[in-house]
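In: Okay, sequence plus prediction incoming.
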Amino acid sequence: MISSPKSGPDLSGGGDAPRAESWRQAVTNAVAQPVTGPLLALVVIMAVFSLTTTTFLNVGNLSLIFQQSVVIGTLALGQTLVILVAGIDLACAAIMVLATVVIGSVAMQGNVALAFGLGALACLAVAALNGIAVTRFRLPPFIATLGMLTIVTAGARLYTNSRSYPISSDWLMLMGSGPSYGLITFSYGSMLWIALTLALSYALTQTAWGTHVYAVGNSPGAARLNGIYVNRVIFSVYTLAGLFYFLAAWQALGRTPIADPSGYQAANLDSITAVVIGGSSLFGGRGGVAGTFIGTLIVTVLKNGLTQAGIDSLYQQIGTGILVILAVGWDQYFRSGRQS
């Protein structure tokens with residue numbers, strides 16, 4: 001009986017083909033993630049500013065960028081919820097400012113706990129009214145929140161007679177303080193922003209409520225046929241967003257200890273910009289808070305870097321607007337590619 005010769009080692013390289021294919025698939029999957037584009041954009045922007053300025057990469061400046069991102073970042077978390085159900089909230093910063101002036105005016109009378117509670121109540125009540133307008137009266141979110149922006153902005157100025165209130169309470173200014181290590185400061189406001197991002201990410205990805213939010217954003221009709229109470233989900237989203245606006249108000253008082261009814265006028269647009277640049281679709285059902293976190297950093301890094309480069313603030317607004325247009329254009333292109 002003649003035994004068959006043993007086969008020698010495979011020198012054809014065939015074993016490398018599956019590995020190469022798996023690497024290509026991994027890269028493709030990574031690029032397809034909504035957060036990949038914003039992350040690459042953040043890296044590129046930081047690289048450009050590090051080469052064009054001498055102070056951008058200073059430890060102190062990087063710490064400052066993170067502190068400057070806190071208020072917009074928390075507002076953007078609430079905005080993310082609204083946009084995920086194909087809505088939009090043009091009044092988010094106005095609601096936050098209303099809370100600051102309510103807190104400031106009541107706190108001047110010596111009752112900080114009451115001021116804190118009334119500020120929270122104001123945010124939740126106005127945000128809930130947005131939810132009622134959209135769900136009960138079926139108003140388009142753009143129109144409902146645009147009207148609320150006008151009402152709340154004027155109402156805050158009438159309430160305060162256009163005056164500002166200094167904040168002296170350590171509790172109300174708590175979010176602006178925190179441990180420091182050299183030039184790096186870890187404020188309680190930044191810790192709260194990170195904690196809220198993680199908590200909301202878990203709620204959206206690991207709970208039935210989060211599944212319903214994405215389902216409503218993708219197709220309200222299909223969600224309704226699957227037994228989801230669409231209006232209830234949308235109302236919960238707008239109301240929960242009000243809680244984030246209140247926490248942003250608390251952070252704002254820590255950042256700048258003065259309640260000014262004219263403050264944060266650009267924050268409405270900045271929060272929407274952060275969400276859109278972060279990869280969330282204005283048409284709903286796509287995106288998440290990880291992208292919003294990065295999008296917030298992009299907005300702040302862009303403003304900080306252009307300021308250090310000596311660029312006028314008007315050109316900074318132009319740059320931000322261009323980013324929004326590009327992000328929305330990319331989203332439409334992505335959606336049309338999926339539907340074709």
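Out: Perfect, I can see it now. It should be emphasised that the depicted structure is a prediction, and the values quoted were computed from it without experimental measurement.
In: can you give me the helices for the chain?
Out: Along the chain, counting by DSSP state H, helices occupy 16-32, 36-52, 59-84, 92-107, 112-135, 141-160, 188-206, 208-218, 220-225, 230-255, 267-277, 289-308, 313-339.
In: contacts for the second one?
Out: Residues outside helix 36-52 that contact it (CB atoms under 8 Å, 6 or more residues apart in numbering) are 30, 56-57, 277-279, 291, 294-295, 297-298, 301-302, 304-305, 308-309, 330. Every C-beta, even on glycine, is put in place using the N, C-alpha and C of the backbone.
In: Of those, grab the buried ones for PyMOL.
Out: Applying 16 or more other CB atoms under 10 Å to those, the buried members can be selected in PyMOL as follows:
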select buried, resi 56+277+278+279+291+294+295+297+298+301+302+304+305+308
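In: one step back: quick one, which of the helices of the chain is nearest to Ser168?
Out: helix 92-107 (7.9 Å; CB to CB).
In: Output the contacting helices and strands for that closest one.
Out: Here helix 92-107 touches helix 59-84, helix 112-135, helix 141-160, strand 165-166, helix 230-255, strand 258-259, helix 267-277, going by 3 or more CB pairs under 8 Å, 6 or more residues apart in numbering; DSSP states H and E.
In: Deepest-packed of these, please.
Out: helix 267-277 (a mean of 26; mean count of other CB atoms under 10 Å).
In: How about the contacts made by Ile294?
Out: Per CB under 8 Å, 6+ apart, neighbours of Ile294: 35, 38-39, 42, 278.
In: Look up how far Gly291 lies from the nearest residue to it once chain neighbours are set aside.
Out: In space, Ile294 comes closest to Pro38 once its chain neighbours are excluded; the distance is 4.4 Å by CB to CB, 6 or more residues apart in numbering. Separation of Pro38 from Gly291 (CB to CB, to the nearest Å): 5 Å.
In: quick one on the thing from earlier: neighbour-wise, which of the contacts of Ile294 leads?
Out: Gly278 (31 neighbours; other CB atoms under 10 Å).
In: can you tell me how far that residue sits from Tyr238?
Out: Taken as CB to CB, the span from Gly278 to Tyr238 is 20 Å.
In: do the same with Arg138
Out: Taking CB to CB, one finds Arg138 at 14 Å from Tyr238.
In: residues contacting the closest residue to Gly189 other than its chain neighbours?
Out: Closest residue in space to Gly189, ignoring its immediate chain neighbours: Met175 at 3.6 Å, by CB to CB, 6+ apart. The contact partners of Met175, taken as CB under 8 Å, 6+ apart, are 70, 187-189, 192, 250-251, 253-255.
In: measure Met175 to Ile258 for me?
Out: 14 Å.
In: related to what we said a few turns ago, so what pLDDT did the residue nearest to Gly189 get?
Out: Note on Met175: pLDDT of 97.
In: likewise Leu282?
Out: 91.
In: What is the neighbour count of it?
Out: Counted with other CB under 10 Å, the neighbours of Leu282 add up to 18.
In: ok, it touching Val82?
Out: No. Look at Leu282 against Val82 with CB atoms under 8 Å: they stay out of range, at 10.5 Å.
In: shared neighbours, these two?
Out: Shared contacts of Leu282 and Val82, defined by CB under 8 Å, 6+ apart, are found at Ile88.
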